[in-house]
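Trainee: Sequence first, then the predicted structure:
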Amino acid sequence: MHTLTIVRPDDWHLHLRDGAEMASVLPHAERTFARAIVMPNLRTPVTTTALAAAYRERVLAALSKGSRFEPLMTLYLTDNTGAEEIGRAKRSGFVHGVKYYPAGATTNSSSGVTRIERARPALEAMQEHDLPLLVHGEVTAPGVDVFDRERVFLETVLADIVHRFPRLRIVVEHASTREAVEFVSASGPQVAATITAHHLLYNRSALFTGGLRPHYYCLPVLKREEHRKALARAATSGNPKFFLGTDSAPHARGDKESQCGHAGIFSGHAAIELYAEAFEQAGALERLEGFASFHGPAFYGLPRNTSSITLRRESWTVPGELPFGATTVVPVRAGESVGWRLVGG
């Protein structure tokens, strides 16, 4: 197979940032995806429907002329998110989920939930209004090893949420462990997961190959090879509970290559191409379309896209850095080759 044409995919987990930085990375999403779930963890978190509306307008204003890319907005869950705000979000028609960051778990998460009990009114309203909960599934307790944070979250937090709110739709975002695959697979149809290309392609050795590699540092952190294989089996299985979410998360080069480097991998420049590599490695290219284009819309209750994209098996070299506002971002696979290229759509 030298070319592959699929229904235009969507990205169900994307960081666009804001301002000039957003203007730099948005074209990468436009070229590939029809829609994207846009993360709300800006420096000033998107905690209300009004803030989500304003952010949405900024995204739309930054789109290329004639672009049909649709940002699907989210709210940032806090200890103080009220049931009435959830109702407003649902009625807006443009808010499609609420993001749960445990406080301190990742970039701009200091305003996140400190104790899940404090978010109970919001969770009850989300179940009532059928507005999905999108979870960054890691605990932040200092005594828990960074490689175990997802597993412990599933056992001590998410299992309880699923039990208490059986009708609440939940997305385990950027699943990174065998335990996450097992949890989602064993749960009812209301629980799904996104999987990133970098968690499909790399294990934790990528962080240390030839020295410390800050541009492969993300949260949840890359795990052992057994976990990468479990994620690849899930993504390529055809199970509709697993779908594409890049978690493409750009940071300025200086912020990554610093004394305390920021967590996040920028993959937007070659998002669908990297997924094609992962599916080809697994011998399952014929299942890429379901994972990228069908499963996500079905879970979110949205129609499939009607346009298509075409990929060609063709090696090309990723630039060493790309524009990012007033500075640059180092993309994943910088200076190395990718085996597929988006050529039409």
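Mentor: Yep, that arrived. Residues are numbered from 1 along each chain as shown.

Trainee: how about the longest strand along the chain: buried residues?
Mentor: What stands out as the longest strand in the chain, according to DSSP state E, is strand 308-317. Residues of strand 308-317 classed as buried: 309, 311 (neighbour count, 16 or more other C-beta atoms under 10 Å). C-beta: built from backbone N, CA, C; applies to glycine.

Trainee: And it, what does it pack against?
Mentor: strand 3-7, helix 271-281, strand 337-344 (3 or more C-beta pairs under 8 Å, 6 or more residues apart in numbering; DSSP states H and E).

Trainee: Please, where are all the strands along this structure?
Mentor: 3-7, 11-14, 35-38, 70-76, 95-100, 133-135, 170-172, 191-195, 242-244, 308-317, 322-324, 327-329, 337-344.

Trainee: Quick one: mean pLDDT over the fifth one.
Mentor: Per-residue confidence for strand 95-100 averages out to 98 on the pLDDT scale.

Trainee: Sheet-wise, list the partners of that strand with their directions.
Mentor: strand 70-76 (parallel), strand 133-135 (parallel) (DSSP bridges).

Trainee: Dump the C-alpha coordinates for it into PDB.
Mentor: Listed next in PDB are the C-alpha coordinates belonging to strand 95-100 (Å, rounded to 0.1, in the frame of the first residue of the first chain):
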ATOM      1  CA  VAL A  95     -18.700  23.300  24.900                       C
ATOM      2  CA  HIS A  96     -18.300  19.500  24.400                       C
ATOM      3  CA  GLY A  97     -16.600  18.500  27.600                       C
ATOM      4  CA  VAL A  98     -15.100  19.400  31.000                       C
ATOM      5  CA  LYS A  99     -11.400  18.800  31.700                       C
ATOM      6  CA  TYR A 100     -10.400  17.400  35.100                       C
END
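
Trainee: What lies in contact with it?
Mentor: 37, 39-41, 49, 52, 72-77, 81, 86, 89, 112-113, 119, 122, 126, 131-136, 171, 300 (C-beta atoms under 8 Å, 6 or more residues apart in numbering).

Trainee: quick one: low-confidence ranges for the protein?
Mentor: Counting by pLDDT under 70, the chain contains no low-confidence residues.

Trainee: count of neighbours near residue 338?
Mentor: 18 (other C-beta atoms under 10 Å).

Trainee: sorry, back to before: give me the residues contacting the longest strand of the chain.
Mentor: In contact with strand 308-317 (C-beta under 8 Å, 6+ apart) are residues 1-9, 32, 272-273, 276, 335-345.
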